[in-house]
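[1] show me how the following folds:
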Amino acid sequence: MTQPWTVVLPVKRLTAAKTRLRGGLPGVPHEELALALAADTLDAVLACPGVAQVLVVTDETRMGELARHPDVRLLPDVADAGLNAALRHGAAGIPGWVAGLTADLPALRPTELAVALATTLAGPPGVRRFVADAPGTGTVLLAAPPGVPLDPRFGPGSAAAHAASGADPLTGDWPSLRRDVDTAEDLAVAARLGLGPRTTALAAGCLTG
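    Alright, predicted model coming up:
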């Protein structure tokens with residue numbers, strides 16, 4: 001890894017986050033689960049070689065408290081404007097390599113993220129790169145080189161939208177990076193990969209198989 005990265009990590013208010021996952025862990029408050037997903041994602045990013053700074057874009061007080069770290073900078077969210085606006089806000093003015101990452105990757109391994117970022121550096125100059133989710137239709141990571149706007153297109157069908165916008169797909173075998181969690185079934189798959197400590201503590205006794 002020859003270039004330092006800034007990673008932008010948007011986190012919604014917990015009451016509005018991960019609505020399809022509500023009830024995914026019986027007996028566990030939904031806000032606690034949403035916070036654990038984001039916190040485990042952040043911890044994995046901070047442990048990734050090559051990441052110099054994480055910009056957490058959030059208006060969620062509890063996430064702000066967990067994000068107190070020398071390499072983390074907090075930015076207020078763009079009120080009611082959605083994920084893409086938060087990513088654009090976080091990436092604006094970053095002079096070097098920047099990556100936008102979803103905050104629902106509780107099984108993320110820092111080594112997988114490091115390889116994906118290194119692969120991005122080795123790609124064609126001036127081109128954005130993205131990593132699709134496990135089903136192949138969504139996006140978990142979007143990266144841009146210096147001087148190139150991040151131009152996020154997250155949402156339904158975002159993999160195709162990013163490709164249509166000129167971004168190149170990264171095709172590495174990175175199961176923990178590609179495993180975002182939107183549903184209880186996604187969480188069970190992530191658990192088989194190995195969850196981060198905060199999500200593991202909540203899921204103890206709730207997930208089997």
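[2] quick one: neighbours of residue 183, just the number.
    12 (other CB atoms under 10 Å). Backbone N, C-alpha and C define where each C-beta goes, glycine included.
[3] was I right to think it contacts residue 21?
    Yes. When contacts are counted by CB atoms under 8 Å, residue 183 is listed as touching residue 21 (6.1 Å).
[4] ok, which stretches of this protein are strands?
    Assigned by DSSP state E, the chain shows strands spanning 5-11, 51-58, 72-75, 97-101, 129-132, 139-144, 168-169.
[5] and the longest helix for this protein?
    helix 30-46 (DSSP state H).
[6] buried sites along that one?
    30-46 (16 or more other CB atoms under 10 Å).
[7] now residue 55, nearest residue through space, not along the chain?
    Counting by CB to CB, 6 or more residues apart in numbering, residue 90 is the residue found nearest to residue 55 once chain neighbours are left out, at 4.4 Å.
[8] so how far is residue 119 from the one you found?
    22 Å (CB to CB, to the nearest Å).
[9] neighbour count: these two, which is higher?
    residue 90 (27 against 16).
[10] how much space between the more buried one and residue 4?
    Counting by CB to CB - residue 90 and residue 4 are separated by 16 Å.
[11] quick one: the helices in this protein?
    30-46, 61-66, 83-91, 110-121, 158-164, 175-178, 184-193, 197-203.
[12] residue 54: which of the ones you listed is closest?
    Among those, helix 30-46 comes nearest to residue 54, with 5.5 Å by CB to CB.
[13] from the chain's centroid, how far away is the closest one?
    Remark: helix 30-46 is offset 10 Å from the chain centroid, using CA atoms, centre = their mean, to the nearest Å.
[14] could you say what helices and strands it packs with?
    Helix 30-46 sits against strand 5-11, strand 51-58, helix 61-66, helix 110-121, helix 197-203, with contacts defined as 3 or more CB pairs under 8 Å, 6 or more residues apart in numbering; DSSP states H and E.
[15] which of the ones you listed is buried the deepest?
    Neighbour counts (mean count of other CB atoms under 10 Å) averaged over each of the helices and strands packed on helix 30-46 peak at strand 5-11, with a mean of 26.
[16] so which elements touch that one?
    Going by 3+ CB pairs under 8 Å, 6+ apart, strand 5-11 lies up against helix 30-46, strand 51-58, helix 83-91, strand 97-101.
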